[in-house]
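Participant: When you get a sec, could you give me coordinates for this:
(one chain, ligands or ions: 1)
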Amino acid sequence: MTRPLTTSLNILVIGAGIGGLSTALAFQQQGHRVTVVERVATIRPVGAAISLWPNGVKVMHQLGLGETIEGLSGEMTQMRYLTQTGQTLTDFSLAPLFGDVGQRVCPIARAALQQTLLDAVGTEHIQFGRRCIGYTVTQHGVAAHFDDGESLNADLLVVAEGTHSKLRSKLVGHPVERQYVGYVNWNVRVPADEALAPLSHWDQYVGDAKRVSFMPMGSGGNEEGAQEFYCFFDVPLPAGTTNDPDHYRDELREHFAGWAEPVQALIERFDPARMARVEIYDIPPLDSLTAPRVALLGDAAHGMAPDLGQGGCQAMEDAWVLSQALARALEENTDTSAAIDSALAQYDRARVDRVGEIVQRARKRAAMIHGHDATHTQAWYDELKNEDGQAIIDGLKTTVTGGPLG
Ligand code: FAD
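Facilitator: Prediction:
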């Protein structure tokens, strides 16, 4: 547990997503006065669920939410790849990974994660329905400006406004364009059912540069306590295709004609009203995530392809690293401005390479899975046939142990 501080700063966080709320909570626990400002009046998380890998869950444990999150999430102990017709390519236990890093993965409903974070921060500290449109560094701090004409002053501003961030370009000093990664993802929750996949398995069907995934995600705290699967479909497509829930089932029937029975059953079962269809974009790695008095965090700083399941986990790591850097800097500096400068410099040093490398690795993996070069994708399918799990576990372990909590 972090010891209480003598210096309590006024910290403003823009965005009440995973990144903004994790940051707000970390700073609150150090005794700072935190205000979160969120654009929308009511948060409805886009997407069905999220897999929190051990590096993300470790941050949640540090913030006192680990047990709650473990209780709401699915028990995923085995990983399997299958061909599109249902032949097993590889099937192995994830227990060695969890044993080595000292933490299991937590696939969890986005709504449950969001609510857990909101409850922990306290909605009385969040101003909903206000959009930040800019900021100015002032003599004694920073002023954030809002679309209602008001401004708020703070010692430190954290910009955690997601991948579409408008403040990012000002902060880094040049325009940053999102890049299309080349595929569309449909994701949805369905009741868990052994006819679709074993209840403890993460099953992925791969073929023709497409993918279908079934992941056990627990009940997410739903009233009936009913277990659910988090499922998604990936298809390489050009950007800008029509997104219409009325067409989801027909689109997927067409893209996955002839695939294995569980895939067909899923396509006939899901509720299109509960499905999200997302074109996948990332942003190029940035050279710096800070400006005087301001930190960029989460997808605003490193929007990435979801092919490593790391975007949210990295936002949590950011939150932990930034809060720890500020705690250290306040111990070492009596002057608040100097402490904030030092904390931002430490945050930059700790995060730029880490997140840049993960953004690039996620893009490379997305290219391999989704057929940017058909020979690479075929080579990957061939590798999976000979995979005993060790190489995949080693890759996951490298990602996890590269984080701030080992
Ligand atoms: P967001 O969640 O986008 O939150 C930003 C918030 O800021 C929003 O609430 C928004 O309304 C608000 N906002 C925006 N602009 C303003 C403004 N100007 N003023 C005030 N408020 C503003 N990650 C994982 O770790 N594991 C996974 O398995 C995983 N799977 C994924 C699957 C898919 C298909 C996708 C697309 C992503 C996945 N991710 C995963 C990534 C993860 O969803 C994101 O990295 C994470 O949600 C980013 O959180 P954030 O807080 O940075 O941004």
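
Participant: Would you confirm that Gly31 contacts Ile11?
Facilitator: No. Between Gly31 and Ile11 there is no contact, the gap being 10.9 Å when judged by C-beta atoms under 8 Å. All C-beta spots, glycine's among them, are computed from the backbone N, C-alpha and C.

Participant: what about the strands in the stretch 201-350 of the chain?
Facilitator: Assigned by DSSP state E, counting those that start in this stretch, the strands in the stretch 201-350 of the chain fall at 201-207, 210-216, 228-236, 276-282, 290-291, 294-296.

Participant: Redo those strands as TSV? Include mean neighbour count.
Facilitator: Putting these into TSV (neighbours: other C-beta atoms under 10 Å) gives the following:
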stretch	mean neighbour count
strand 201-207	21
strand 210-216	23
strand 228-236	24
strand 276-282	19
strand 290-291	22
strand 294-296	27
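
Participant: I'd like these laid out as TSV, including distance to Pro404.
Facilitator: Shown next, in TSV, are the strands of the stretch 201-350 of the chain (distance: least, C-beta to C-beta, whole Å):
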stretch	distance to Pro404
strand 201-207	25
strand 210-216	26
strand 228-236	26
strand 276-282	22
strand 290-291	17
strand 294-296	15
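
Participant: Which of these sits closest to the ligand?
Facilitator: Comparing the strands of the stretch 201-350 of the chain against the ligand with C-beta to the nearest ligand atom, the closest turns out to be strand 276-282 (4.9 Å).

Participant: Which positions in this structure make contact with the ligand?
Facilitator: Within the chain, the positions adjacent to the ligand are 14-20, 37-40, 43, 47, 50-51, 56, 131-132, 160-162, 185, 187, 278, 298-300, 306, 309-313, 315 by C-beta under 6 Å from any ligand atom.

Participant: try it again with 5 Å
Facilitator: By C-beta under 5 Å from any ligand atom, the residues of the chain that approach the ligand are 14-15, 17-19, 38-40, 50-51, 131-132, 161-162, 185, 278, 298-299, 306, 309, 311-313, 315.

Participant: Tell me which helix or strand comes right after the helix or strand where Ala367 lies.
Facilitator: Ala367 belongs to helix 336-369 when elements are defined using DSSP states H and E. Next helix or strand after helix 336-369 toward the C-terminus (DSSP H and E): helix 374-385.

Participant: hmm, back to that, between helix 374-385 and the helix holding Ala367, find me the angle.
Facilitator: Counting by axes from the mean of the first three to the mean of the last three C-alpha atoms, to 10 degrees, helix 336-369 lies at 90 degrees to helix 374-385.

Participant: quick one: average confidence on helix 336-369?
Facilitator: Mean per-residue pLDDT for helix 336-369: 98.

Participant: packing partners for that helix?
Facilitator: With contacts taken as 3 or more C-beta pairs under 8 Å, 6 or more residues apart in numbering; DSSP states H and E, helix 336-369 sits against strand 179-191, strand 276-282, strand 290-291, strand 294-296, helix 299-302, helix 311-332, helix 374-385.

Participant: which of these sits most buried?
Facilitator: helix 299-302 (a mean of 29; mean count of other C-beta atoms under 10 Å).

Participant: Name the nearest residue to the residue of the stretch 1-150 of the chain found nearest the ligand, ignoring sequence neighbours.
Facilitator: Closest to the ligand within the stretch 1-150 of the chain is Gly17: 2.1 Å, counting by C-beta to the nearest ligand atom. If the residues on either side of it in the chain are set aside, Gly17 comes closest to Gly162, at 5.8 Å by C-beta to C-beta, 6 or more residues apart in numbering.

Participant: give me every residue that touches the one you found.
Facilitator: Gly162 makes contacts with 15, 17, 298-300, 303, as judged by C-beta atoms under 8 Å, 6 or more residues apart in numbering.

Participant: number of nearby residues for Ser8?
Facilitator: Neighbourhood size, Ser8 [other C-beta atoms under 10 Å]: 15.

Participant: you'd agree it is up against Phe27?
Facilitator: No. Between Ser8 and Phe27 there is no contact under C-beta under 8 Å: 9.7 Å.

Participant: coming back round to it: comparing Gly31 and Ile11, which residue is more hemmed in?
Facilitator: Neighbour count, other C-beta under 10 Å: between Gly31 and Ile11, Ile11 has more, with 25 against 15.

Participant: So what does that one look like in phi/psi?
Facilitator: Torsion angles at Ile11 (phi, psi; degrees, to the nearest 10) stand at phi -120, psi 130.

Participant: Show me what it bridges to in the sheet.
Facilitator: Val34, Leu156 (DSSP bridges).

Participant: close enough to count as contact, it and Leu152?
Facilitator: No. Here Ile11 lies out of contact with Leu152, judged by C-beta under 8 Å, at a distance of 10.9 Å.

Participant: which residues sit in contact with the residue of the stretch 1-150 of the chain closest to the ligand?
Facilitator: 114, 160, 162, 298-299, 315.

Participant: and Leu5, what pLDDT?
Facilitator: pLDDT, Leu5: 49.

Participant: Next: Gly220.
Facilitator: With respect to pLDDT, Gly220 scores 83.

Participant: quick one: the nearest residue to it once chain neighbours are set aside from Gly74, how far?
Facilitator: Spatial nearest neighbour of Gly220, excluding adjacent residues (C-beta to C-beta, 6+ apart): Ala109 at 3.0 Å. Counting by C-beta to C-beta, to the nearest Å, the gap from Ala109 to Gly74 is 9 Å.

Participant: Find residues that contact each of the two.
Facilitator: 217-218, 228, 230.

Participant: Grab the two from those that are most spread out in space.
Facilitator: Gly218 and Tyr230 (9.5 Å; C-beta to C-beta).

Participant: ok, now which ones touch Leu82?
Facilitator: Counting by C-beta under 8 Å, 6+ apart, Leu82 makes contact with 88-89, 203-206, 260.

Participant: Sweet, I'm off.
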